Every structure is written in structure tokens, then in C-alpha cells.
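**Student:** Coordinates for the following, if possible.
(one chain, ligands or ions: 1)
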Amino acid sequence: MTPSEAIARIAQLSKEINHHNQLYYQESRIEISDFEFDQLLEELVKLEREFPDLLLSDSPSQRVGGTLTKEFRTVEHSSRMLSLGNTYSQEELIAFDDRVAKGLGHPNYEYFCEMKFDGVAISLVYENGKLIRAVTRGDGTKGDDVTANVKTIRNIPLTVTGENIPAKFEVRGEIFLPLKEFLKINAEKEASGDQLLANPRNAASGTLKMQDSSVVAKRRLNCYFYQLLGDEIGVSKHDEAIHLIENWGFNVSPTYKKAKSIAEVLEYIEEWREKRYSLPLDTDGVVLKINDYDQREELGFTAKTPRWAIAYKYKAESAETELLSITYQVGRTGAITPVANLAPVQLAGTTVKRASLHNANEIERLDLHERDFVAVEKGGEIIPKITAVNPTRRKPGAPPIPYIENCPECGSALVRKEGEAKHYCPNAVSCPPQVLGRIEHFVSKRAMDIDSLGTERIRALIDQGFIRNYADIYELETKQHELLGLEMSQDQYEREVSGLLYISLEKALFALTETISFKQIQDFLLENTHLPLRDRLRAFQAQIRAWKKKVPSNVGMVDFLLQNLDSHPELMKVEDYVPVAIILEIFLGRRVAFENILEASKKHGTVHMILLELDLDLSSELIERIKKLKANTFQEGVISNMMEGIFASKEQPFEKVLFALGIRNIGENTAQLLAKHFGTIEKLQEASSEQLLEINGVGETLVHSLKEFFAQPENLEIISRLKFHGLKFEIEQKESTQLGTALAGKRILASGKLQNFKRDEIVDFVQAHGGQYISGVSKNLDFIIEGEEMGPSKKEKALKLGVPLISEEEFLKMVGK
Ligand code: IVH
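**Tutor:** Got it, this is the predicted structure:
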């Protein structure tokens with residue numbers, strides 16, 4: 001390409017990319033797929049690299065970042081970035097309004113109401129229409145120059161064009177991470193076992209201070225602007241300034257409103273009290289500002305805050321309720337989170353029954369005692385929090401709540417790393433929720449995509465010893481006969497300290513009797529909870545007679561139960577449960593010694609596993625009766641469906657397998673990056689820290705996680721077993737075989753949805769037939785394959801340039817298909 005051709009192409013690409021950015025961010029519309037968009041951007045970046053002189057400071061390629069900043073330069077603000085005074089009540093607002101009226105000496109003023117956005121304040125300076133500097137608030141006087149990072153925020157104009165743009169101006173606003181992005185990032189972090197971001201505000205401020213702007217670019221920050229400054233801005237009121245910057249292309253939240261009086265301000269505050277939760281970001285109040293600039297000047301400032309503006313902060317709603325208990329959740333990474341169970345209470349329109357307590361420090365800070373009355377608050381967060389204890393309602397002698405020392409799931413002694421607030425269960429290898437979490441991640445859609453292995457099934461397989469790690473999944477095939485009849489839930493069981501398995505009385509009676517529904521039994525037991533076990537069984541016999549339901553055999557079976565309970569006085573009594581062995585003795589007593597049944601029911605956690613161990617040949621009638629003891633079970637259909645999914649997953653490409661391994665800090669993108677870069681798991685494993693750090697997007701934490709992962713022999717063993725089962729541990733070489741020459745010399749683009757090809761397939765296909773795939777509409781194209789829903793602007797442009805559009809069918813004919 002000659003330089004003059006490059007100039008033209010760069011201008012063309014820039015224009016198109018800007019157009020699509022504008023659509024995406026300002027109008028929430030799209031005309032082209034992400035893939036097509038990336039192709040345009042890639043072409044631009046490539047051209048600019050080839051012709052570095054042609055790189056403009058406002059090129060949309062700046063949005064992809066790539067600048068590394070070791071230390072941010074400190075820059076002084078043209079005028080101080082002030083903070084606002086806060087108010088929390090109507091009275092305080094009215095007092096503020098009184099001060100304004102007094103200060104001006106008349107009541108002829110207007111307010112401009114805006115939401116108070118919870119993000120990071122930013123100042124952008126433009127000269128001759130170009131963004132030249134972006135600076136954080138810092139201490140108000142000077143802040144950090146974060147220009148390279150801010151340029152990656154796609155809807156911040158790099159250039160402002162139009163009539164009467166002042167030679168120099170400044171806009172101020174709030175950078176934020178949209179809630180949706182925040183949740184997405186945290187979901188990814190959760191999946192890769194990475195530390196979660198605390199809240200969207202910290203996430204935004206952390207992102208803005210990142211050293212690598214290409215990482216910032218991926219975070220999809222956004223910004224709302226609320227202030228225009230400059231000597232020649234040509235407006236005298238805030239609402240005019242806001243409309244001006246809106247027209248210049250700055251993103252302004254559409255929530256603003258002019259108010260003629262403080263009464264109207266109060267209406268605005270009420271209007272947004274609940275509605276604000278539907279906004280794309282956290283807000284914590286309302287800002288009211290005097291609209292007229294001259295009046296602002298008249299009112300002036302106090303030491304730190306303007307007298308012409310103030311913030312009203314919504315008070316978090318609060319309620320008092322009783323703490324019932326604390327349960328401890330074990331996360332996928334072994335992190336322990338205490339959760340308070342509360343007496344249900346109404347709060348901000350929902351019933352609250354639980355609140356997060358975060359960690360041991362929090363329980364200590366609150367000084368929680370058993371059965372305390374606590375204040376719960378709900379801010380913007382989804383999970384409410386306990387903010388205080390009411391000491392006047394503490395029960396006399398109530399003991400303080402100690403923190404647990406052992407994992408509630410596996411009993412391991414908990415550890416707390418220095419400097420960390422959370423306790424961890426160190427038993428990563430066999431603590432059930434940790435195993436479950438890892439396997440759930442492994443089978444998830446974006447990893448191995450085995451959707452026939454849902455949480456309930458995985459849990460059953462883990463609890464009953466079939467899988468301990470993801471390599472075990474591929475060995476289920478040889479255990480299919482054991483899976484048939486396996487129970488999906490163990491809720492009906494209870495284990496006594498000696499390890500003996502008990503089953504709920506309702507399940508036991510359900511299996512022993514016929515023609516009585518489970519519901520009838522449940523209801524009967526519920527009504528008779530006050531009776532001791534023997535009396536309850538006698539009463540049940542009387543009920544069977546009253547129902548007239550198969551009286552002799554049903555009453556007889558309950559008699560058997562009473563006799564067996566009597567003949568084994570050595571077995572512990574557990575309220576509402578009976579030993580499984582005693583029930584099985586009734587069914588199997590003639591075929592197998594009670595000692596054997598007892599032994600097996602100490603070893604196993606379900607009836608299914610006990611029966612597998614006893615290995616008896618049972619009649620179908622007996623199988624049906626015993627089945628009534630069980631929960632839902634795995635049946636043939638379910639098992640073959642699972643096997644199919646497991647088998648199909650072996651086709652997942654290396655990058656998916658790498659992501660599935662759940663190495664800390666390796667999300668989907670990083671897995672892709674590493675897979676492409678190294679090609680095989682061996683090369684990744686052998687890579688030195690230096691080699692890893694050379695890769696754009698790889699930092700110290702990631703290197704540490706990789707080293708840690710490969711240093712564990714269990715992981716290497718699992719990988720070698722997965723390899724044995726045929727999973728892919730190397731990147732597939734794209735076949736560059738030539739399929740034909742029908743497209744030789746042709747320059748081709750496909751647009752819209754195609755029936756026979758995915759996005760990257762069409763590129764390969766064109767190339768394999770000798771053609772050249774071009775990423776954007778230009779007059780150099782020989783033709784465009786028009787797919788479904790081709791973007792109207794593209795189509796119009798193709799028609800204008802006289803590029804022929806052909807259908808997918810015609811295209812296939814061309815290559816003889
Ligand atoms: S105006 C002199 N408007 O709140 C007034 N600030 O406490 C300058 N903020 O540093 C600020 N939303 O980061 C203004 N609609 C809004 C705002 C807003 C959030 C932040 C801003 C400022 C802080 C002041």
C-alpha cells in the first residue's frame with residue numbers, strides 16, 4: 001500500500017469505527033458483529049504500525065490501549081475540584097434553600113437536579129477540539145494524569161467537532177464501571193477462583209490506575225459528565241452547558257431535571273428514591289445546583305464546598321430483627337463466609353431473612369451475642385448487611401458468638417493467611433464444596449460444556465464417592481452399572497456419631513406400607529410430633545385401620561418395625577429417624593445376616609450404595625419397595641445422556657480445556673491468549689517467568705498462579721489422565737490445505753448472518769479456495785456475500801461504491817458446492 005492509499009484507508013476505517021462506537025454507546029444499537037468490529041480495528045492498528053507517521057492522537061485505535069505507564073504524572077487542575085456538602089433530611093435541604101435565598105436576597109432562582117453518581121471524578125481537557133489530558137481528582141488541587149487509560153473508554157470523545165467549539169475547554173464527570181460489567185467480571189473471577197472486586201466504585205478507580213491500558217480497554221468503563229468549564233464557553237446557565245456538551249457527543253445521564261423551587265427538588269428526590277436502582281450504576285443521592293452562573297458567583301464558596309450546590313444522600317433503609325443463627329458457607333476456593341439467619345423482616349419492599357457477615361472481624365466488630373437484636377440495612381447492594389446490635393435487647397447471660405475453627409463441610413482445621421480477613425479451608429483436594437465448585441466450573445458452558453452434568457447430579461456423584469476431581473468424570477463410563485439407581489439427594493438421611501446411617505421416619509413408613517401416599521404420611525407425622533416414637537407408630541396403625549388401607553399387611557409391617565426396634569436396644573435413638581439397617585432387615589432379613597447389613601450401613605451414605613455392597617439378587621417387587629426409601633435416582637436415560645455429553649466434551653479445543661482447569665486468575669481471555677501463544681500444555685508448563693511476563697496481558701499474579709498449579713503433583717496427574725481420555729492439550733493447527741482455486745485473486749467480504757458458516761469459518765473457507773478475505777466495505781472488493789440481516793449502512797455503502805452483493809447460495813455455486 002502506498003502512503004496515500006494508507007491515508008485514505010486509515011481515514012475510512014477511523015470513520016467507520018467511530019460510527020459503530022457512537023451507535024453502541026450512545027444509541028445502544030449495533031450494525032455489525034463484534035467480530036466484524038474487531039476486524040476493522042485490527043486492520044487500522046496494523047496500518048498505523050506500518051505507517052507510524054500516520055497515527056493520529058484521536059485515532060480510534062487508541063481505544064484498544066497498549067500504552068504502559070509506570071508512574072502517573074501529577075498534574076495541577078485549572079481550578080480546584082471541589083467536594084459537596086451533604087444533607088440527609090428535608091429540614092437540612094430547606095435550611096440550605098433558606099441560605100441560598102438569603103444570600104441572593106430574592107427568591108428568583110432555579111435549581112438543576114442531577115443524580116449523585118458513585119464513581120471516580122475525572123477532568124478532561126480539550127484543546128482545538130482534541131482530548132489532550134485526563135486527570136483524576138486527586139487531592140482536589142492536583143491529580144494523576146490517566147490520559148492513556150481514559151482514551152480507551154469508547155464513548156469519551158477523542159475529538160469534538162462542530163460549530164463554535166471553544167479553543168480550550170474542560171469537562172468534568174464521573175467514570176464508572178456499569179453494574180452489569182461489574183457482575184460479569186466478578187462472575188468470571190469467581191469462576192477462575194480469583195479475588196472478587198469489592199464494589200463497582202473501587203473497581204472503576206482500580207481500573208483507572210492500571211499500568212497497562214489494553215487491560216483497561218477490556219473493562220468497558222463508562223462515564224457521565226456533569227460540568228463544563230472554560231473562558232469562552234458562551235453559556236450563562238448550567239442547563240445550557242449540559243445541552244451543549246450533550247450535543248458535542250459527551251455522555252450525560254438523562255436523569256437530570258430543572259426545578260423551580262425546593263419543593264420541586266423534593267419531588268425529584270422522591271421520584272428517584274426507588275427508581276435509581278434501575279440505573280446502570282450505583283447512585284447514593286441527588287445533587288442540586290443553582291442553575292444560573294452569575295448567581296453561583298454571588299453565592300461563592302466556603303473553605304471546601306460551594307454555597308450554590310449541595311448533595312442530598314438517601315438514607316439506607318434499616319430494620320431491627322432477631323439473629324437466629326449463623327451458618328458458614330464454604331466457597332469454591334475454600335473461603336468461609338459467615339451468614340446471619342434472621343427472623344424475617346420487611347425492608348425496602350422485600351423480606352429479609354439473611355445477611356452477610358463477611359468474616360470473623362465483622363462478628364467481633366459487631367460484638368454479636370446469641371439471639372441479639374440487630375439492625376439490618378439495605379443500600380444499593382443485593383445482600384443486606386448488619387450494621388449494629390441493639391444492646392438494650394440483649395438476653396441476660398447470652399454468650400458471645402465464637403468463630404468456628406473447623407470446616408463445616410469436611411472438618412479440616414481452618415487457616416487464616418496473614419493479612420487476610422477471611423478464613424480458608426485448606427482441604428482443596430477433597431472438601432466437597434471446593435470439589436463441587438471446581439467441577440461445576442469444569443463442565444460449565446464456557447469450559448467443557450457438559451450441560452447434562454448439572455449441580456444436583458455432580459453433588460450426588462461427589463457425595464457418593466464417584467468423582468473427586470474432573471478426571472474422574474471421564475471414568476464414569478466404566479461405572480455405569482453402579483450409577484443405575486444412584487440417589488440424587490441425601491436429604492432423607494442422617495448419620496449418627498458412630499457413622500450408622502438413619503433414614504427419616506416418613507420415608508421408612510412410606511416404603512413399609514402400600515397404597516398410602518407420601519403426603520398422607522408426612523401430614524400424619526406432622527400432626528403427631530408430640531408423641532414419642534412407639535406411641536406414634538401405634539397411632540399410625542390405628543390410622544391405617546381408620547383409612548381401611550390394606551390393613552393386615554400395612555399394620556403388620558409397622559409391627560415388624562416396632563419389634564425390630566425393640567430387638568436392637570443397642571442402636572441409638574435419633575428423633576424422627578430410624579436406622580436404615582432395621583428397615584432393610586425387614587425386607588432382606590431372610591437372605592442376609594443383620595450384621596452384614598449393619599456393617600454396610602456404617603460404611604455407606606445411601607441405600608443404593610448399601611445394596612451395591614451387599615450384592616444381592618432381588619426380585620423386581622422387592623426392588624420397587626426398597627426404591628421408595630430412596631430419593632430421585634439416576635435412570636438409564638439420564639445416564640446415557642450424561643455419557644453423551646461427557647464424550648462430546650472431548651472435542652473442546654485446548655483453550656477451553658485450559659480455562660476448564662480452573663487455574664486461579666486464568667479467565668477465558670487469558671486461557672485463549674496462553675493457548676495461542678504456547679500451543680501446548682507442555683510448553684506452557686515449561687515457560688519461564690520471564691517468558692510469561694513478556695506476553696502482553698500477563699502479570700506477576702498470573703505467573704504465580706501458573707507456577708503454583710504446575711508445582712502440584714495432583715494436578716499433573718489429573719492432566720495426564722485427561723490426556724489419556726483424549727482431551728485436547730494442544731492448539732489445533734488450522735488446516736491451510738488448499739481446497740480449490742475457484743476464488744483465486746478475488747477480494748471478498750461476508751456480512752450479516754450466514755447459514756453455512758460461522759464467522760471465522762468463512763474467512764478460512766475463502767482463503768482455502770484461493771481468495772482474500774477483506775474486513776471492511778471498500779471499492780476494492782470484488783463482491784460481498786450478503787447474509788441475513790446485513791447492516792443497512794453497510795449495504796447502502798456497498799451499493800454506492802458499486803460493489804456487487806451476492807447471496808450465500810450463489811457464492812457456494814461459485815466454488816462448485
Ligand atoms: S458536581 C462543585 N455533580 O461528588 C461541585 N458531582 O462530593 C462539583 N459527583 O467530586 C461536583 N455525581 O465526584 C457533581 N452529578 C454530580 C455528581 C458529582 C457525583 C461526585 C464528584 C464530586 C463529589 C462531590
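
**Student:** Ends of stretch 738-747, what's the gap?
**Tutor:** 17 Å (C-alpha to C-alpha, to the nearest Å).

**Student:** Can you give me the buried ones in it?
**Tutor:** When neighbours are counted by 16 or more other C-beta atoms under 10 Å, the buried residues of stretch 738-747 are found to be 743, 746, 747. C-betas here are computed from N, CA, C, even on glycine.

**Student:** The helix or strand hosting residue 174 pairs with which strands?
**Tutor:** Per DSSP states H and E: residue 174 is located in strand 168-176. Pairing partners of strand 168-176, with direction, according to DSSP bridges: strand 120-127 (antiparallel), strand 222-229 (antiparallel).

**Student:** so where's the longest helix in this protein?
**Tutor:** Once the chain is assigned using DSSP state H, the helix that runs over the most residues is helix 3-26.

**Student:** okay, the angle between it and strand 222-229?
**Tutor:** Angular relation of helix 3-26 and strand 222-229 on a 0 to 180 degree scale: 100 degrees, by axes from the mean of the first three to the mean of the last three C-alpha atoms, to 10 degrees.

**Student:** Tell me which residues are up against helix 3-26.
**Tutor:** Helix 3-26 has contacts (C-beta atoms under 8 Å, 6 or more residues apart in numbering) with 1, 29-32, 37, 40-41, 43-44, 47-48, 50-51, 54, 56, 59-60, 63, 154-155, 222, 249, 251, 776, 778, 793.

**Student:** number of nearby residues for residue 444?
**Tutor:** Neighbour count of residue 444, defined by other C-beta atoms under 10 Å: 17.

**Student:** For the residue in the stretch 1-150 of the chain positioned nearest to the ligand, name its beta-bridge partners.
**Tutor:** Using C-beta to the nearest ligand atom, the single residue of the stretch 1-150 of the chain nearest to the ligand is residue 121, 3.2 Å away. On the basis of DSSP bridges, residue 121 takes part in beta bridges with residue 174.

**Student:** contacting residues for it?
**Tutor:** Counting by C-beta under 8 Å, 6+ apart, residue 121 touches 81, 136, 137, 172, 173, 174, 175.

**Student:** and those residues near the ligand, which?
**Tutor:** Among these, the residues within reach of the ligand (C-beta under 6 Å from any ligand atom) are 81, 137, 174.

**Student:** Make a PyMOL selection of whichever of those turn out to be buried.
**Tutor:** Buried members of those, defined by 16+ other C-beta under 10 Å, are picked up in PyMOL with:
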select buried, resi 81+137+174
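
**Student:** Which single one of the ones next to the ligand among the contacts of residue 121 is nearest to residue 607?
**Tutor:** Relative to residue 607, the closest of those is residue 174; by C-beta to C-beta it sits at 60.2 Å.

**Student:** pLDDT score for the closest one?
**Tutor:** Among the per-residue scores, residue 174 holds a pLDDT of 97.

**Student:** And the most centrally placed residue in the chain, how far from the ligand?
**Tutor:** The residue lying closest to the centre of the chain (C-alpha atoms, centre = their mean) is residue 187, at 2.2 Å. Distance of residue 187 to the ligand, computed by C-beta to the nearest ligand atom, to the nearest Å: 27 Å.

**Student:** Confirm that residue sits in a strand?
**Tutor:** No: applying DSSP: H, G, I helix; E, B strand; the rest coil, one finds residue 187 to be helix, outside a strand.

**Student:** Mind checking what secondary structure residue 32 has?
**Tutor:** From three-state DSSP, the assignment for residue 32 is coil.

**Student:** Do I have it right that it meets residue 790?
**Tutor:** No: judged on C-beta atoms under 8 Å, residue 32 makes no contact with residue 790 at a distance of 9.3 Å.

**Student:** Between these two, which has more neighbouring residues?
**Tutor:** Neighbour count, other C-beta under 10 Å: between residue 32 and residue 790, residue 32 has more, with 22 against 19.

**Student:** so who does the closest residue to the more buried one other than its chain neighbours touch?
**Tutor:** Leaving aside its chain neighbours, residue 32 sits nearest to residue 791 (5.5 Å; criterion: C-beta to C-beta, 6 or more residues apart in numbering). Listed by C-beta under 8 Å, 6+ apart, the contact partners of residue 791 are 31, 32, 751, 752.

**Student:** how about the residues you listed in JSON lines, adding pLDDT and distance to residue 9?
**Tutor:** JSON lines is the format used below for the contacts of residue 791 (pLDDT from 0 to 100; distance: C-beta to C-beta, whole Å):
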{"residue": "31", "pLDDT": "81", "distance to residue 9": "20"}
{"residue": "32", "pLDDT": "82", "distance to residue 9": "18"}
{"residue": "751", "pLDDT": "87", "distance to residue 9": "18"}
{"residue": "752", "pLDDT": "84", "distance to residue 9": "23"}
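
**Student:** which one of those residues is nearest residue 807?
**Tutor:** residue 752 (10.8 Å).

**Student:** Which residues are in contact with the closest one?
**Tutor:** Contacts of residue 752 by C-beta under 8 Å, 6+ apart are 786, 787, 788, 789, 790, 791.

**Student:** Looking at the residues you listed, which one is closest to the ligand?
**Tutor:** Nearest to the ligand among the contacts of residue 752, with distances taken as C-beta to the nearest ligand atom, is residue 791, at 35.5 Å.

**Student:** Pretty sure residue 609 sits in a strand.
**Tutor:** No: going by three-state DSSP, the assignment for residue 609 is helix, not a strand.

**Student:** number of nearby residues for the nearest residue to it once chain neighbours are set aside?
**Tutor:** Nearest non-adjacent residue to residue 609, counting by C-beta to C-beta, 6+ apart: residue 464, 6.0 Å away. Neighbourhood size, residue 464 [other C-beta under 10 Å]: 20.

**Student:** and if you look at residue 750?
**Tutor:** Neighbourhood size, residue 750 [other C-beta under 10 Å]: 24.

**Student:** What separation is there between it and residue 624?
**Tutor:** 59 Å (C-beta to C-beta, to the nearest Å).

**Student:** what helix or strand does residue 324 sit in?
**Tutor:** Per DSSP H and E, residue 324 falls inside strand 317-330.
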